[in-house]
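Trainee: When you get a sec, could you give me coordinates for this:
(chains A and B)
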There are 2 protein chains.
Amino acid sequence: MLPRKKVEVTLFKTMWSITDGGCVAALQCHMQRLYAIVGVRFSRRLQNVMTLRIALIGECMVELSRQGDALVQGMGGDTLNTAVYLSRMLPDADIAYLTGLGLDPFSEELLARWNAEGINTQYVHRSATKLPGLYSISTDPNGERHFHYWRNDSAAKFWLNETDTEALKASLAGFYLVYLSGISLAILPREARQTLFSLLSVIKPHCRVVFDNNFRPALWDSFEEAQAAYREVLALTDIAMLTFDDEQALWGDETVEASLLRTQSLGVSEVVYKHGAKPCEVFTHQKRTEVSAEKVVQVVDTTAAGDSFSAGYLAKRLTGGGVEAAAQAGHKLAGQVIQHHGAIIPLSAMPTI
Amino acid sequence: MLPRKKVEVTLFKTMWSITDGGCVAALQCHMQRLYAIVGVRFSRRLQNVMTLRIALIGECMVELSRQGDALVQGMGGDTLNTAVYLSRMLPDADIAYLTGLGLDPFSEELLARWNAEGINTQYVHRSATKLPGLYSISTDPNGERHFHYWRNDSAAKFWLNETDTEALKASLAGFYLVYLSGISLAILPREARQTLFSLLSVIKPHCRVVFDNNFRPALWDSFEEAQAAYREVLALTDIAMLTFDDEQALWGDETVEASLLRTQSLGVSEVVYKHGAKPCEVFTHQKRTEVSAEKVVQVVDTTAAGDSFSAGYLAKRLTGGGVEAAAQAGHKLAGQVIQHHGAIIPLSAMPTI
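Mentor: Below you'll find the model as predicted:
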């Protein structure tokens, strides 16, 4: 008789391939029934094997916003926003954030906030010499918001240089899905970016990659450098979450078709176009699905609209939803997020998806 | 007859050479009498020619200190502290701060604070792409203070790269004295540091240079690099304000004599050793003057003790005081500063010097 662990893993892998990774919750349910039949207790160990594990790679910064004469400390980062919403929507999943922090009180506070959101912080690299990036939000007399960044020397920029890549490869291999964005790539020095691509290509056979294009020209030395990096990551990507405005800014695309053709030709099987308040489009295997958002009467702050859309979309896809239901979930969460100030809405305001 | 301006300048230069730059206030007084005799009105134009002009070069950063849950914005920088105290003690002088800032609200606030202190900010370079450096002060559970810096990409680090050096040379040539510190040098990239040395050597025949050794190992790549830079600046320096602890840290000096020998051999004619609460020592032309500080009963915060000592010392030297009176003034101001929290004490707490 095979040892129990081997049985579990074999079953799990088989179910994975059957469901094509689309429905881990359904898979868990099947497995539970299966084990009930074969008399194996649904133990803690099994739960560990069964847990949906997602790694998000990127940077979260300290946010300073002015309130009267004082500065209030918050946090901000596209991938972290997605991590928070994924963690809230998938409370049984293991949502890990992979980044660099320092040993300073700002880093401690960020960690505490992430832990409070149920995010797994065990893979956060703590640098002895670097600090987290920092940015300020200020509002000018016309009510327009301005952002200023102290991030060029941040711990998140250099964590891959300071990390043992073999150990990281082993850690990453244990995740079902890796999520990263154009910002995750942009902040890395070229060498570290190549290290990341190598890691992703090694774990690729067993791991899904989701990429959000979030293109920030100011973080790149040149369009050529950015385009090369995007090509590399898209060639490893299963699901691309694209904002068409960013596609235009980076590639000069005039139509969604032009962007889609390039993205699909790089091998991305599921391409999602976020168009803000307008219907989003999802392209899979020659099929186009358009999904409208419910009208939001009062938009308060569009911060993290795209990040939360991605989280809603993925949460649905990973629990058995098709692309249409996933897009609806994305719209629903984003629609709620933009009715609140800041990137992270109160827990009580979370919609049921 | 010579044109009036030429007369003024000639007289001014003559008086400068007579007084050896030691007493500009006395010089102003002489000039006023002279002009009264020759019937020339002590005009605005004359005042401009007569104004004691001091340029301080360095970096002032945004300071964030925690008060409860909020962060309070302040400012901090060794040379800026000296500039503030010089400006307060020499209200008729032109105290200019030469540095880089951005176009952001933090930079605006720093500028406003400097202007409020009567500091001339016309030579501040405003970078379109950089921000001021930033640091936080936090206090751990043992009451120990910790500093964290976001300064590696600051406007003050790169302002010399972005500035027209010919124009800067012309501006600097109009100053009677240039003041800078080891930190002013440490933050500059190597090339910019060499540019600064070239500028100083060009203006040197007409301008005094005062250097405060403030050695911060963390800001230097190596001791060798720091020592080379200190040697270059000391060879251009008229008055060196040295903290012996920093001399030991940089050079490994075991005695003040060892430090003095090196400093004098580089051509510094007036060497001041600050020894904290202990008597300071001033060395000029083979003469040693030791001056005790009055005992401070309650030391609250030693921040800016050295910076304010330098300001008190210079303010006295530049208004006719000898080295003993200058050292007393330095002690008096520093003794007051350490009885208050923070680098800059309230105006009402300024001692009469």
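
Trainee: which secondary structure element contains residue A:314?
Mentor: helix A:305-317 (DSSP states H and E).

Trainee: Could you check the angle whichever helix or strand comes after that helix makes with helix A:305-317?
Mentor: Next helix or strand after helix A:305-317 toward the C-terminus (DSSP H and E): helix A:323-337. Using axes from the mean of the first three to the mean of the last three CA atoms, to 10 degrees, one finds that helix A:323-337 and helix A:305-317 are set 140 degrees apart in direction.

Trainee: Can you report how many residues neighbour the closest residue to chain B within the stretch 201-350 of chain A?
Mentor: Of all residues in the stretch 201-350 of chain A, residue A:218 sits closest to chain B, at 9.1 Å by CB to the nearest CB. Where you see a C-beta, it was placed from the backbone N, CA and C, and this is true even at glycine. Using other CB atoms under 10 Å in any protein chain shown, residue A:218 is surrounded by 7 other residues.

Trainee: what separates residue A:123 from chain B, distance-wise?
Mentor: 23 Å (CB to the nearest CB, to the nearest Å).

Trainee: For chain A, just list every one of the helices.
Mentor: Using DSSP state H, the helices of chain A run over A:4-19, A:24-38, A:44-50, A:78-89, A:105-116, A:155-162, A:165-173, A:182-186, A:190-203, A:223-234, A:244-251, A:256-265, A:305-317, A:323-337.

Trainee: among these, which is the most enclosed?
Mentor: helix A:305-317 (a mean of 28; mean count of other CB atoms under 10 Å in any protein chain shown).

Trainee: Return the list of helices and strands in contact with it.
Mentor: helix A:78-89, strand A:177-181, strand A:208-212, strand A:239-243, strand A:270-274, helix A:323-337 (3 or more CB pairs under 8 Å, 6 or more residues apart in numbering or on different chains; DSSP states H and E).

Trainee: can you give me how far that helix is from the chain middle?
Mentor: 9 Å (CA atoms, centre = their mean, to the nearest Å).

Trainee: Next to chain B in this structure, residues from the stretch 101-250 of chain A, please.
Mentor: Residues of the stretch 101-250 of chain A lying near chain B by CB under 8 Å from any CB of the partner chain: A:102, A:104-106, A:131, A:134, A:136, A:138, A:146, A:148-150, A:152-153.

Trainee: Mind doing that once more with 7 Å?
Mentor: Neighbours of chain B within the stretch 101-250 of chain A, by CB under 7 Å from any CB of the partner chain: A:104, A:105, A:106, A:131, A:134, A:136, A:138, A:148, A:150, A:152, A:153.

Trainee: contacting residues for the last one?
Mentor: This points to residue A:153. A:130, B:152, B:153 (CB atoms under 7 Å, 6 or more residues apart in numbering or on different chains).

Trainee: Show me which of the residues you listed is closest to residue B:289.
Mentor: residue B:152 (40.5 Å; CB to CB).

Trainee: From residue B:157, how far off is the nearest residue to the closest one once chain neighbours are set aside?
Mentor: Excluding the flanking residues, the one nearest residue B:152 by CB to CB, 6 or more residues apart in numbering or on different chains is residue A:153, at 4.2 Å. From residue A:153 across to residue B:157, the span is 11 Å (CB to CB, to the nearest Å).

Trainee: what's the answer for residue A:338, then?
Mentor: In terms of CB to CB, residue A:338 sits 38 Å off from residue B:157.

Trainee: quick one: low-confidence parts of chain A?
Mentor: For chain A, residues meeting the criterion pLDDT under 70 lie at A:1-49.

Trainee: Give me the contacts around stretch A:266-282.
Mentor: A:231, A:234-235, A:237-244, A:256, A:260, A:263-264, A:283-285, A:288-293, A:306, A:309, A:313, A:323, A:327, A:330-331.

Trainee: for stretch A:117-129, same thing?
Mentor: If you take CB under 7 Å, 6+ apart as the criterion, stretch A:117-129 is touched by A:83-84, A:87, A:91, A:94-103, A:111, A:114-115, A:155, A:158-159, A:162-163, A:171.

Trainee: centroid residue for chain A?
Mentor: residue A:179 (4.2 Å; CA atoms, centre = their mean).

Trainee: Tell me which residues touch that residue, please.
Mentor: A:54, A:56, A:79, A:82, A:210.

Trainee: So which of those residues is the closest to chain B?
Mentor: Nearest to chain B among the contacts of residue A:179, with distances taken as CB to the nearest CB, is residue A:79, at 21.1 Å.

Trainee: Need the nearest residue in space to residue A:168, chain neighbours excluded.
Mentor: Residue A:168 sits nearest to residue A:199 (CB to CB, 6+ apart), 6.4 Å away.

Trainee: thinking the one you found is in contact with residue A:170, fair?
Mentor: No. Using CB atoms under 7 Å, residue A:199 is not in contact with residue A:170; the gap is 10.3 Å.

Trainee: Around residue A:93, count how many other residues there are.
Mentor: Residue A:93, neighbours per other CB under 10 Å, totals 22.

Trainee: quick one on the thing from earlier: which of the residues of the stretch 101-250 of chain A next to chain B are buried? Put it as a ChimeraX command.
Mentor: A single ChimeraX command selects the buried members of those (16 or more other CB atoms under 10 Å in any protein chain shown):
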select /A:104,105,106,131,134,136,138,148,150,153
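
Trainee: Columns distance to residue A:185 on top of the contacts of residue A:153, output as TSV?
Mentor: What follows is the contacts of residue A:153, written out as TSV (distance: CB to CB, whole Å):
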residue	distance to residue A:185
A:130	19
B:152	22
B:153	20
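
Trainee: which one among the residues you listed gets closest to residue B:73?
Mentor: residue B:153 (19.4 Å).

Trainee: Let me see the backbone angles for that closest one.
Mentor: phi -130, psi 30 (degrees, to the nearest 10).

Trainee: Against residue A:136, how distant is it?
Mentor: From residue B:153 over to residue A:136 (counting by CB to CB), the distance is 15 Å.

Trainee: Can you verify my assumption that residue A:330 contacts residue A:315?
Mentor: No. Using CB under 7 Å, residue A:330 is not in contact with residue A:315; the gap is 8.8 Å.

Trainee: If anything else comes up later, I'll come back, but that's it for now.
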